[in-house]
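K.L.:
How does the following fold in three dimensions:
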Amino acid sequence: MNGLFAAVIAFILSAVSILTGKMGNTPKMPAAGVNVPIEATTEVATPATQLVPTAPTQVISTGTNMNDLRYPNSTVLSQNGGTLLLSSDDSETTITDWYKEKIRELGMNNKSFVTTNTNGDVLNKLVGGNGKAEVRVTITKTTNDTLTKIEVIY
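P.N.:
Model (predicted):
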């Protein structure tokens, strides 16, 4: 027990002298053959992570129904769950402008409108959201198409 006590005291004095910058008389280590238990623990403080469940994204606000998102001069090709596929013989610009206004009317403050036309091939992507609801519209027409295709995900 005396050997252990001496080792602990030597360790403490050594640590104090290192921390204070005074390396004067360093205590002697225990004699060979003396078992000195060494315990090392590391404690790391980490901020607590709290996972908060979120409700699934509702894509359209209360009071909006599927007909509100259907382009007026269009034919419904399919409607499955939250996806509506339409076609229209109106120009892609007219359709795009209508959906931009519709997204604004729905109170979608976060908007992304990307319109592209490469050699007559049109790909327009419109997204509107308000933190609780989201609408995604893709408008496509190639040079070989006679109709403009519209996909609405809500």
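K.L.:
ok, now which ones touch Asn124?
P.N.:
The neighbours of Asn124, taking Cβ atoms under 8 Å, 6 or more residues apart in numbering as the test, are 92, 96, 113-116, 137-140. Every residue, glycine included, has its C-beta placed from N, CA and C.
K.L.:
hmm, 6 Å instead?
P.N.:
The contact partners of Asn124, taken as Cβ atoms under 6 Å, 6 or more residues apart in numbering, are 96, 115, 139.
K.L.:
Restricted to helices, list these.
P.N.:
The helices, defined by DSSP state H, take in Thr96 from the contacts of Asn124.
K.L.:
buried subset of the contacts of Asn124?
P.N.:
Among the contacts of Asn124, the ones that count as buried by 16 or more other Cβ atoms under 10 Å are 96, 139.
K.L.:
which one among the contacts of Asn124 gets closest to Leu86?
P.N.:
Set against Leu86, the nearest of the contacts of Asn124 by Cβ to Cβ is Ile139 (9.6 Å).
K.L.:
domain ranges for the protein?
P.N.:
As given by automatic domain parsing, the domain ranges for the chain are 1-47, 66-153.
K.L.:
any idea which of those scores lowest on pLDDT?
P.N.:
Mean pLDDT across those is lowest at domain 1-47; the value there is a mean of 52.
K.L.:
how about the strands in this protein?
P.N.:
Ranges of strands in the chain, per DSSP state E, are 75-80, 83-88, 110-118, 121-129, 134-141, 148-153.
K.L.:
Would you reformat those as JSON lines and include distance to Asn65?
P.N.:
Output for the strands of the chain, formatted as JSON lines (distance: least, Cβ to Cβ, whole Å):
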{"stretch": "strand 75-80", "distance to Asn65": "12"}
{"stretch": "strand 83-88", "distance to Asn65": "11"}
{"stretch": "strand 110-118", "distance to Asn65": "21"}
{"stretch": "strand 121-129", "distance to Asn65": "16"}
{"stretch": "strand 134-141", "distance to Asn65": "13"}
{"stretch": "strand 148-153", "distance to Asn65": "12"}
